[in-house]
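*Asks:* Below are the sequence and a predicted model; questions follow.
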Amino acid sequence: MKKQSFLMAGLLVLSSMAATQVARAQESMVVDIPFAFVAGNATLPAGEYRVQKLDGNSAVLLIHCRDANAAALVITHAAQAKEPQSESKLVFNRYGNRYFLSQVWAAGSIRGRQLQASPREKEMPQLARNDTKGEVTLVARLSTVRP
């Protein structure tokens, strides 16, 4: 009887974890980006953006500006942190006044998405020798995707 109760409790925990992951896959991030930036091969204007996976397990991110008619699809690969992220965030590489989207992280997860450096970003260290390279992190908020 105790084994059966333990098994049922374990199944209940696993099903709730699966439900949480399905719900999280339905969420997107909304972030106000105060500068123009490059995502993949697209240059996007400043504005409020929604960032979401194309589907639940996709390596493709859809980045869509709510204010302007601007969007990009970017292919990413998995990134992993040592500890769960305390906040949802977008990380940009900065060269002078040029910004390149580099990483996307969701709060509570050790898994994120890493964008490959675009050809334009790969040229930046040579073109901007006098400009300092930096990293800018913007905090995002989670938003449920509407069907």
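*Replies:* Nice, I can see it. Quick caveat, the model's predicted, so the values are computed rather than measured.
*Asks:* Show me where this protein has its helices.
*Replies:* 2-25, 119-127 (DSSP state H).
*Asks:* thinking F100 is in contact with G40, fair?
*Replies:* No - at 9.5 Å, F100 does not count as touching G40 under the criterion of CB atoms under 8 Å. Quick note: C-beta positions are derived from backbone N, CA and C, even for glycine.
*Asks:* which residues are in contact with both of the two?
*Replies:* By CB atoms under 8 Å, 6 or more residues apart in numbering, F100 and G40 have these common neighbours: 115, 118.
*Asks:* So which of these two has more stuff around it?
*Replies:* More neighbours surround F100 than the other of F100 and G40, with 22 against 18 (other CB atoms under 10 Å).
*Asks:* how far away is the nearest residue to E27 once chain neighbours are set aside from Q116?
*Replies:* Nearest-residue entry for E27: L142, 4.9 Å, with adjacent residues in sequence omitted and distances by CB to CB, 6 or more residues apart in numbering. Computed as CB to CB, to the nearest Å, the L142 to Q116 distance reads 25 Å.
*Asks:* residues in contact with M124?
*Replies:* By CB under 8 Å, 6+ apart, the neighbours of M124 are 95, 98, 100, 133.
*Asks:* repeat that for 10 Å
*Replies:* 38, 93-96, 98, 100, 117-118, 131, 133 (CB atoms under 10 Å, 6 or more residues apart in numbering).
*Asks:* per-residue confidence at the residue nearest the centre of the chain?
*Replies:* By CA atoms, centre = their mean, the chain has its centre lying nearest to V104, at 2.4 Å. Among the per-residue scores, V104 shows a pLDDT of 96.
*Asks:* For it, give the beta-bridge partners.
*Replies:* L90, R113 (DSSP bridges).
*Asks:* What distance do you get for it to K122?
*Replies:* Computed as CB to CB, the V104 to K122 distance reads 20 Å.
*Asks:* Next one: the residue nearest to E27 relative to Q103, how far apart?
*Replies:* 17 Å.
*Asks:* Counting neighbours, which bits of stretch 61-80 end up buried?
*Replies:* For stretch 61-80, the neighbour count (16 or more other CB atoms under 10 Å) marks 61-65, 70, 72, 74, 76, 79 as buried.
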